[in-house]
Structure formats: structure tokens, C-alpha cells
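Asks: quick one, what's the 3D model for this:
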Amino acid sequence: MEIKEAIILAGGLGTRLHDAVPDLPKCMAPVNGKPFISYVVNYLQLQGINWFIFSLGYRSEVFIEYLAELLPSCNYEIAIETEPLGTGGAIQFACTYAKEKNVVVVNGDSIFKTDLAQQADFHFAVDSYCTLALKPMENFERYGVVELNGDQTIASFKEKQFYEKGLINGGVYILNIPAFFNLFLPEKFSFETDYLQEYYIHKRIYGIVNDGYFIDIGVPEDYRKAQTELI
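Replies: Numbers count the residues shown, from 1 in each chain. Model (predicted):
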């Protein structure tokens, strides 16, 4: 089975990038003359995604105006938060626009070039509720660490601190929507804290390791790096 739909979380404020991208959603930060989100969409299209659900909040009108240039209107839907719902609430709301039972969820301010077909094959083979793409990394402190059991279920989530090496959550999820909705989560919640970290022990939540290219433009240093790495 293939994954053809993606939810892109594109409502974040670029607070730490304010000097570089004043008054813009973070995913609209220009990289080599194009909004960062264009690189995210292009990558997903190359992976076979043809239906997009954009979860919007801050300055959504700027994003919508650009979206008309980026994609034909028949290829996307827009889910606008009227108030902040947290990552979990935003995903839950966006899922109401999905056409299929499984969807890939990504952040609009990062790219992790995973093999989505491989991740999907694994997701369906183990009947996963949620499958995380995990990136091996060395000498870092900006991210927490995810540990796996032998069967690739999640063993633990560890807090942010300095690690010599470890697997980080790359922010690419394949989500089983009916299983997600069956939890009856609140309207506002954190996907990472209130769903993943709360339910990984009891539910079928798995990780798959991929060492593809990864960048998160949420801090100025990596935003500058994107200018040279994304051509």
C-alpha cells in the first residue's frame, strides 16, 4: 500500500528567526529566493504524495496567497486554526480533511528526506498506529533521543540534553487516523507529549531509522545552512 496524502504543519511563528523573516510564518522563510515550504512540498511530491492538507494559523493569508502559485487548487485543502490548538490539536483537526485512513504528517519548517515507501511498507506490515522516522545524529543537544526495542516499538523518549550520538525524532510520521481518533484526545494538545510520549508504552507506535538529509530551519544557524544546502 502507498501513502498519497500529507498533512503539513505550517502555522508556526518564526520567533527565533524574527530578524531574518519578520512577520512571516516560519515555513515561508525565503531560502535561495523561494519559501522554504516549496522545498518540503517538492520533496513530498517526489515521494508520491499528491494530496496535501495544510494546517495553518499565524499569517495564514500570506501562506494561502503563495499556495495558489505552488499547487493547483485540486491538490490541496486548508485547515485553519482559529486559535492555537497545539501540534496534536492541529493534526487532529487536519485529519478531518483526509480522504484515506493513513496519512504522512510533516513539519513545514523542516525536511527529512526519508524513504516514505519503505516507511509505509513497514507501517502497514506491523499494523502500526503511528510510525516515526528517526535520524541518527552525533554531538547534539537541540533534540531529545528516541530509543527502540528489538521489534522497533518505541522503548523511550529522552529529554533534550547533550548526546554524543542517538536517534532523534525527525518529524515525519505515518499516522493511522482511525486509531488516533479512537483515543478521544482533547481539542488542544501536544502531539509529542500528550500522544507519543503518553501512549507509546500501550499502543502500537514504532520507529524506523533513516539516515537521509535532515534540516530544521527553526534556529538562525540552521536557517543560514539551508541557504547553501538547498539548491
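Asks: can you pull the contacts of the spatially closest residue to residue 162 that is not a sequence neighbour?
Replies: In this structure, residue 162 finds its nearest non-sequential neighbour in residue 141, 4.2 Å apart by CB to CB, 6 or more residues apart in numbering. C-betas here are computed from N, CA, C, even on glycine. Residue 141 sits next to 160-163 when contact means CB atoms under 8 Å, 6 or more residues apart in numbering.
Asks: so residue 141 versus residue 167, what's the distance?
Replies: As judged by CB to CB, to the nearest Å, residue 141 and residue 167 stand 15 Å apart.
Asks: now swap in residue 91 and tell me
Replies: The gap separating residue 91 from residue 167 is 22 Å, by CB to CB.
Asks: same question for residue 211.
Replies: Between residue 211 and residue 167 the computed distance is 10 Å (CB to CB).
Asks: got it, and residue 151?
Replies: For residue 151, the distance to residue 167 - CB to CB - is 15 Å.
Asks: same check on residue 202?
Replies: 21 Å.
Asks: so for these two, which sits in the more crowded spot?
Replies: Set residue 202 next to residue 167 and count neighbours by other CB atoms under 10 Å: residue 167 wins out with 21 against 7.
Asks: next secondary structure element downstream of the particular helix or strand that has the more buried one in it?
Replies: Here residue 167 sits within strand 163-176, counting by DSSP states H and E. Per DSSP H and E, the first helix or strand lying C-terminal to strand 163-176 is helix 177-181.
Asks: so what's the gap between that next one and the chain middle?
Replies: From the chain centre to the centre of helix 177-181 is a distance of 17 Å (CA atoms, centre = their mean, to the nearest Å).
Asks: any idea which helix or strand comes after it?
Replies: helix 197-199.
Asks: just the strands in this protein please.
Replies: Along the chain, counting by DSSP state E, strands occupy 5-9, 30-31, 34-35, 51-56, 76-80, 102-107, 110-112, 130-140, 145-148, 154-158, 163-176, 205-209, 214-216.
Asks: only alpha carbons, please: show the longest one as CSV.
Replies: Listed next in CSV are the C-alpha coordinates belonging to strand 163-176 (Å, rounded to 0.1, in the frame of the first residue of the first chain):
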residue,chain,number,x,y,z
TYR,A,163,24.3,13.4,23.5
GLU,A,164,27.4,12.1,21.7
LYS,A,165,25.1,10.0,19.5
GLY,A,166,21.5,8.9,19.3
LEU,A,167,18.3,8.7,17.2
ILE,A,168,16.2,11.9,17.0
ASN,A,169,12.6,12.2,16.1
GLY,A,170,12.8,13.6,12.5
GLY,A,171,9.2,14.8,12.5
VAL,A,172,7.9,12.5,9.7
TYR,A,173,5.1,10.4,10.9
ILE,A,174,2.8,7.9,9.2
LEU,A,175,-0.4,8.1,11.2
ASN,A,176,-3.4,5.7,11.3
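Asks: going forward, the N-terminal residue is numbered 782.
Replies: I'll keep to 782 as the first residue from here, and by that count the last item is strand 944-957.
Asks: helices or strands next to that strand in the packing?
Replies: Judged by 3 or more CB pairs under 8 Å, 6 or more residues apart in numbering; DSSP states H and E, strand 944-957 is in contact with strand 883-888, strand 891-893, helix 897-906, strand 911-921, strand 926-929.
Asks: run the angle between the third one and strand 911-921 for me.
Replies: What it means is helix 897-906. Orientation check (axes from the mean of the first three to the mean of the last three CA atoms, to 10 degrees): helix 897-906 against strand 911-921 gives 130 degrees.
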